[in-house]
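Student: Here's a sequence, model it:
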Amino acid sequence: MQQLNPVQLQIYQHFKSKVEEQNTVLTQNNLELQKIQKDIVGVIQKVQESELTKGKLNIIESEANMYKLVGAALIKVTREEVDNEVKGRLDLLTKTLKNQEENKKRLHEAAKTAQENMIRLDSEFKYAIQQVNK
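Tutor: Model (predicted):
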């Protein structure tokens, strides 16, 4: 690598710090994306389990005795209470999944912007060096 004059060195340091900022954004986004993708898998699994529970409830007679385990005790519950609890859990999980997907989309957009910024910075750096070398 050739020796840089003081102006080139200043330009280099300026653009290097800008590229490092964008690289940090990309790294953080990738870590968050990995976490969100892992969370999404867990939520999908819980949705499937709740759907399975809902399907099993539909098979059970509406007058059947139902019990809920609370601590070490079994508490008698009505079919309506169980249906509402499963429906509420499914609603909550669906909202959570939607939020996770929105976060994932937002992070993809931020990563795309950071990559575009890095490309733009590279072009600007090359142009600035060319102007100094004239």
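Student: Which neighbouring elements make contact with the helix or strand where residue 20 lies?
Tutor: Secondary structure assignment for residue 20, by DSSP states H and E: helix 6-59. Applying 3 or more CB pairs under 8 Å, 6 or more residues apart in numbering; DSSP states H and E, one finds that helix 6-59 contacts helix 79-133. Just so you know, the C-beta spots here come from the backbone N, C-alpha and C atoms, and that holds for glycine as well.
Student: ok, back up a step: what is the mean pLDDT for the helix holding residue 20?
Tutor: Averaging pLDDT along helix 6-59 gives 93.
Student: gap between it and the chain center?
Tutor: On the basis of CA atoms, centre = their mean, to the nearest Å, helix 6-59 sits 4 Å off its chain's mean C-alpha point.
Student: After it, which helix or strand is next? Please name it.
Tutor: strand 66-70.
Student: what pLDDT does the nearest residue to residue 63 once chain neighbours are set aside get?
Tutor: Take residue 63 and drop its neighbours on the chain: the residue closest to it by CB to CB, 6 or more residues apart in numbering is residue 79, 7.9 Å away. With respect to pLDDT, residue 79 has a value of 90.
Student: Same check on residue 72?
Tutor: According to the prediction, residue 72 has pLDDT 94.
Student: follow-up on the earlier one: neighbours of the residue nearest to residue 63, just the number please.
Tutor: When counting by other CB atoms under 10 Å, one arrives at 15 neighbours for residue 79.
Student: what's near enough to touch it?
Tutor: Residues in contact with residue 79, defined by CB atoms under 8 Å, 6 or more residues apart in numbering, are 57, 60, 62, 63, 64, 66.
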